[in-house]
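Visitor: when you get a sec, could you give me coordinates for this:
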Amino acid sequence: QVQLVESGGGLVQAGGSLRLSCVASGMIYATNFMGWYRQAPGKQREFIASITSDGVTNYGDSVKGRFTISRDSSKNTMFLQMNSLKPDDTAVYLCNAEIVSPLHMVPMDYWGQGTQITVSS
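Guide: Below is the predicted model:
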């Protein structure tokens, strides 16, 4: 089994910063891309950022220039540094990863349970 666990969420004032972590654990042969999404009440799930195993990054338009994604592949860990936070950034942030398990040897999509971020004005 593979698990993704997010941490680092919380309450922050507008203009502040937070850093999220996502750790993948379990039977992992390889981790391909990893990414962050968010879901706010009444809104569709929104793509935030992704990073490939080679370190190529991609960002959603709403966070470009404010958020930075990174990963420590040796620890199967991904980070999201969030700066200049706005009230509109309030949402549950979810970790996503494409992982190859030695049980199946095919890429499979995994999700974490999410961590709440609330930005007060």
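
Visitor: please name the nearest non-neighbouring residue to the residue most central in space within the chain.
Guide: Centrality entry for the chain: nearest residue to the mean C-alpha point is residue 36, 2.9 Å, by CA atoms, centre = their mean. Distances taken as CB to CB, 6 or more residues apart in numbering put residue 48 closest to residue 36, at 4.1 Å, once the chain neighbours are dropped. All C-beta spots, glycine's among them, are computed from the backbone N, C-alpha and C.

Visitor: and residue 97, by the same measure?
Guide: residue 34 (4.4 Å).

Visitor: show me which residues of stretch 65-82 are buried.
Guide: For stretch 65-82, the neighbour count (16 or more other CB atoms under 10 Å) marks 67-69, 71, 76-80, 82 as buried.

Visitor: closest to residue 102 among those?
Guide: Taking CB to CB as the measure, residue 102 lies nearest residue 76 of the buried residues of stretch 65-82, at 13.8 Å.
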